[in-house]
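Provided below for reference: sequence and predicted model.
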Amino acid sequence: MPDTSWWCDVQLTKDAVGICIGNIDMKNSTTIATAYPARKSTYVVDGAPKAGWFSVDFNMSELQTVALTQSIWSRTDKFDYYGYAILSVTDLPAIVKRPSLWLNVQHDIFYRQHGLSMRSYMLSILKRVSVNYISSPELGFLQSIAPRVGNKTKLVYRFPDKLTSDPSTNQTYSSMLSNLTFIKTIASGIMVPKIYIWPVSDDNYLMPSKSIVQDAHKAGLEIYASDFANDRIIPYNYSYDPLGEYLSFVSNGDFSVDGVLTDFPITASEAIGCFNNLNASKADHGKPLIISHNGASGDYPDCTDLAYQNAIKDGADMIDCTLQVTSDGVLICMSSINLLGTTNVQRTSFSTLASVIPAIQPTTGVFTFNLTWENISNSALTPKMSSPWSNYYLERNPRYTNEGKFLKFTDFLEHGKNKDLSGIMVIIENAAFMAKSLGFDIIESVTTALSDAGYSNQTAKEVMIQSEDSAVLVKFKQQKTQYKLVYTLPQDIGDASNSSLAEVKEFADAVVVDKRSVFAQSLHFIIKQTNLLKDLQSAGLAVYAQVFSNEFVSQPWDFFSDATVEINSYVQTLKVDGLITDFPKTVRRYKRNSCTGLGDNTPVYMQTVNVGDLAKLIKSQGVPGAQPPAVAPMPVLNASGVGQPAFPPVSPKGSLPGASSPPGSSPSAAYAAAASTCSLLLAVCAALLI
């Protein structure tokens, strides 16, 4: 990456060789404990005893049998098998062309206590290697080398995470922060953890910013911010979007720092090179379409007024509504027919309505058709934030976990009518069940609602009807609808037969594909691109890919835990027509970046990654146990998988067939659930509310 410096935390070996190891205890980032299990030591480091394996106990020749490993447990360990050697400082220039080198000296006093001189080593290195920056949290060390450092090397005083004391001056780091003019007499810059600039509250939200950036610049110091990484929980204000965090430090007027220390230079480079000055002229509704997924559900509870308002504010081209029906026949927007996942219903009196309805799902649920619209909109029932990555303990915007109001379909239609949108997407689920078991004709109801709202006699707003049930789309097609019909393909298919494509073309104009169907993966590595997208595009079908999220666990390793890198690949390489996303803001910002359309001049950090290269790299090493296991070929979509039974006639309203009570529930509860569409349910609900 241009304008990137290679960082090395310098440790000294017993024979005074400088090596690059991130932590003074080598155990967490090398195989030292396995190579020398009996040579664990305990030393006083920064005033406290610390046990581990220290470089001062080993000669460089002994460390030749030690390999580097991944020090962050949440990252893949597949490269630990390679036997990457520990690098000396003098090794670095040979590895990269024209490197800018930054040497960080963290423990000068510790090494002096062990008879080693970091000062002498650094001065000798400066005679042999071009060093651009030297940093240290010990101002005394910087002061000792300052007279011997040339103009080409900048000295940077580094502040630690905790405001303790500088052991070389016996002054607190707090006091040093208020004496920047003195630091300027020794160093040309300071490096501070990012929380020094933007403090964070106990519940992980940004607090008012501090003036340290302005203070440093006023004193004539450059200022660098540290502790950036894509795969960590950053303040919720950034919606798990690391690029957004960088921009608050490098594209923010008086708060702009002079550099950042990061584990992911590609994202920092994007921020500085392509997103620092967003292209205001690109706020259009062209390809790829930005389609919300339950509104801006990454920041607000699914399908609430807040989710839709913010999806529009954040730049969605189209907002979506997944339709469900209440017991009194009101169409509502709700991401799931089962309220257990989208509301707090389990904590209300409506929890007694729980039942198992095999036609919908094999597990217990409390369903939208168990409650009236009044129950849903005017009761103790509140929304609940979706947490698709809760297995990784990643929660979304917890301050808004239960905020917002659910919308009737008619309100949704009005909501999107006069806003800066290219259109709306209406998603129909469980249509056959509604017709047979609830006596509700959702196709007729949707057609009527769209007509009544004025969507049937205008062209300004596109209307898409999406369903995974081909019979629903066939029914709309038979009505000669002017709306765009979108077929949701089954998940995890990797190819489509010609007959299936011909079948889909009979009733659909576009398809929605799961993004995992585009790339075959093994252990989160992309193995190869499937044929599916090429087949669909060759058939003349528009393709919308879903679901894009910001959380770093949602992207394969190939995309460097960066949602923008992933989006770039789907747009530039795959040419998808639209992206369905929980975070419309991230895609809208991507569409406005200043590096789009540069062709051969596109900077390397905005070029698309070669998917599968990481897996190929692992395979090329031939190390047993390192390679991701082979995966079975993904299924092929055939015509038999597309066709569905014709849309059933609408049955008279009655009790639900096959409904049963969950284990441990009372018979009365089961009966109430089974009779959800009858007047009996209304009586039960009324009794529960008394």
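Sure thing, it's come through. Just so we're clear, the structure is a prediction, and the values are computed from it rather than from any experiment.

What is the end-to-end distance of stretch 32-49?
20 Å (C-alpha to C-alpha, to the nearest Å).

and D509, what is it in contact with?
By C-beta atoms under 8 Å, 6 or more residues apart in numbering, the residues touching D509 are K484, L485, V486, L541, A542. No exception for glycine: its C-beta is placed from N, CA and C like everyone else's.

Just name the closest of those to E138, please.
Of all the contacts of D509, the one with the least separation from E138 (C-beta to C-beta) is A542, at 60.4 Å.

Leaving out chain neighbours, which residue sits closest to that closest one?
A510 (3.7 Å; C-beta to C-beta, 6 or more residues apart in numbering).

so what's that neighbour bridging to?
V486, A542 (DSSP bridges).

quick one: it and A539 touch, right?
No. Using C-beta atoms under 8 Å, A510 is not in contact with A539; the gap is 10.9 Å.

of the two, who's got more company?
A510 (19 against 16; other C-beta atoms under 10 Å).

if I look at the residue located most distally from the centre of the chain, how far off is Y605?
For the chain, the largest distance from the centre (C-alpha atoms, centre = their mean) belongs to G115, which lies 47.3 Å off. Counting by C-beta to C-beta, to the nearest Å, the separation of G115 from Y605 is 44 Å.

S88 too?
Counting by C-beta to C-beta - S88 and Y605 are separated by 28 Å.

Show me the shaky parts of the protein.
1-2, 98, 280-283, 654-659, 661-690 (pLDDT under 70).

what do you get if the cut-off is 80, keeping everything else the same?
Residues of the chain meeting the criterion pLDDT under 80: 1-3, 96-99, 163, 252-254, 279-283, 379, 621-627, 653-690.

sorry, back to before: more neighbours, S88 and Y605?
Y605 (24 against 17).

The stretch 501-650 of the chain: helices as residue ranges?
All helices of the stretch 501-650 of the chain, identified by DSSP state H, counting those that start in this stretch, fall at 532-538, 563-568, 584-591, 613-621, 639-642.

Can you mark which positions in the second one are buried?
Which is helix 563-568. The neighbour-count check on helix 563-568 (16 or more other C-beta atoms under 10 Å) flags A563, T564, V565, E566, I567, N568 as buried.

helices and strands around that helix, which ones?
Contact here means 3 or more C-beta pairs under 8 Å, 6 or more residues apart in numbering; DSSP states H and E; on that basis helix 563-568 packs against helix 265-274, strand 542-548, helix 584-591.

Could you do the last one as well?
In terms of contacts (3+ C-beta pairs under 8 Å, 6+ apart), helix 639-642 is packed against helix 498-507.

how about the CA coordinates for the helix it packs on, as PDB?
Provided in PDB are the C-alpha atoms of helix 498-507 (Å, rounded to 0.1, in the frame of the first residue of the first chain):
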ATOM      1  CA  ASN A 498     -31.100 -24.500 -18.500                       C
ATOM      2  CA  SER A 499     -34.500 -25.900 -17.900                       C
ATOM      3  CA  SER A 500     -34.700 -24.300 -14.500                       C
ATOM      4  CA  LEU A 501     -33.600 -20.900 -15.900                       C
ATOM      5  CA  ALA A 502     -36.300 -21.200 -18.600                       C
ATOM      6  CA  GLU A 503     -38.800 -22.000 -15.900                       C
ATOM      7  CA  VAL A 504     -37.900 -19.000 -13.800                       C
ATOM      8  CA  LYS A 505     -38.000 -16.700 -16.900                       C
ATOM      9  CA  GLU A 506     -41.600 -17.700 -17.300                       C
ATOM     10  CA  PHE A 507     -42.700 -15.900 -14.200                       C
END
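
next one: that helix to chain centre, how far?
Relative to its parent chain, helix 498-507 has a centroid offset of 34 Å by C-alpha atoms, centre = their mean, to the nearest Å.

Tell me which other helices or strands it touches.
helix 470-478, strand 484-488, helix 639-642.

got JSON lines for the helices of the stretch 501-650 of the chain, with distance to V45 too?
Shown next, in JSON lines, are the helices of the stretch 501-650 of the chain (distance: least, C-beta to C-beta, whole Å):
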{"stretch": "helix 532-538", "distance to V45": "54"}
{"stretch": "helix 563-568", "distance to V45": "37"}
{"stretch": "helix 584-591", "distance to V45": "41"}
{"stretch": "helix 613-621", "distance to V45": "35"}
{"stretch": "helix 639-642", "distance to V45": "62"}
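
picking up where we left off before, in a markdown table: the helices and strands packed on helix 563-568, plus distance to G220 and mean neighbour count.
Putting the helices and strands packed on helix 563-568 into a markdown table (distance: least, C-beta to C-beta, whole Å; neighbours: other C-beta atoms under 10 Å) gives the following:
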| stretch | distance to G220 | mean neighbour count |
| --- | --- | --- |
| helix 265-274 | 22 | 23 |
| strand 542-548 | 44 | 21 |
| helix 584-591 | 34 | 24 |
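
for these, which one sits closest to G244?
helix 584-591 (7.6 Å).

Can you tell me what sits against that closest one?
239, 241, 243-244, 275, 278, 282-284, 288, 290, 292, 296, 311, 314-316, 548, 550, 563-564, 567-568, 571, 579, 581.

now stretch 191-210
For stretch 191-210, using C-beta under 8 Å, 6+ apart, the contacting residues are 135, 156-161, 177, 212-213, 223-228, 233, 235-237, 248-249, 255, 257, 261, 398-399.

Kindly check the end-to-end length of it for me.
15 Å.

which residues of the stretch 151-300 of the chain fall in strands?
154-158, 165-166, 171-172, 189-193, 222-228, 259-262, 289-292 (DSSP state E, counting those that start in this stretch).

helix or strand for the residue farthest from the centre of the chain, which one?
Assessed by DSSP states H and E, G115 sits outside every helix and strand.

circling back: nearest approach to A630 belongs to which of the helices and strands packed on helix 563-568?
strand 542-548 (25.0 Å).

The closest one vs strand 484-488, what angle?
50 degrees (axes from the mean of the first three to the mean of the last three C-alpha atoms, to 10 degrees).

Strand 542-548 to helix 584-591, inter-axis angle?
Going by the same axes, to 10 degrees, strand 542-548 makes 120 degrees with helix 584-591.

hey, C-alpha coordinates of strand 542-548 in PDB?
The C-alpha trace of strand 542-548 is given here as PDB (Å, rounded to 0.1, in the frame of the first residue of the first chain):
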ATOM      1  CA  ALA A 542     -31.400  -9.200 -12.900                       C
ATOM      2  CA  VAL A 543     -29.600 -10.500  -9.800                       C
ATOM      3  CA  TYR A 544     -29.900  -9.100  -6.300                       C
ATOM      4  CA  ALA A 545     -27.500 -10.600  -3.700                       C
ATOM      5  CA  GLN A 546     -28.300 -10.900   0.000                       C
ATOM      6  CA  VAL A 547     -27.600 -10.400   2.900                       C
ATOM      7  CA  PHE A 548     -24.800  -8.000   3.400                       C
END
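
What is that strand packed up against?
Short answer (3+ C-beta pairs under 8 Å, 6+ apart): strand 542-548 packs on strand 510-514, helix 532-538, helix 563-568, strand 578-581.

who does the shortest one touch, helix- and strand-wise?
Looking back up the chat, that one is strand 578-581. strand 289-292, strand 542-548.

Give me the PyMOL select line for the contacts of helix 584-591, limited to the buried ones.
In PyMOL syntax, the buried subset of the contacts of helix 584-591 is picked out as below (16+ other C-beta under 10 Å):
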select buried, resi 239+241+243+244+275+278+288+290+292+296+311+314+315+316+548+550+563+564+567+568+571+579+581
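
Give the buried residues for stretch 75-87.
R75, K78, F79, D80, Y81, I86, L87.

wait, I meant stretch 528-536
So, applying 16+ other C-beta under 10 Å, buried residues of stretch 528-536: Q529, T530, L532, L533, D535, L536.

Check stretch 417-425 too.
K419, L421, S422, G423, I424, M425.

Same question for stretch 605-621.
Y605, M606, V609, V611, G612, L614, A615, I618.

what do you get for stretch 441-460?
Buried, per 16+ other C-beta under 10 Å, within stretch 441-460: D441, I442, I443, S445, V446, T447, A449, L450, A453, Y455.
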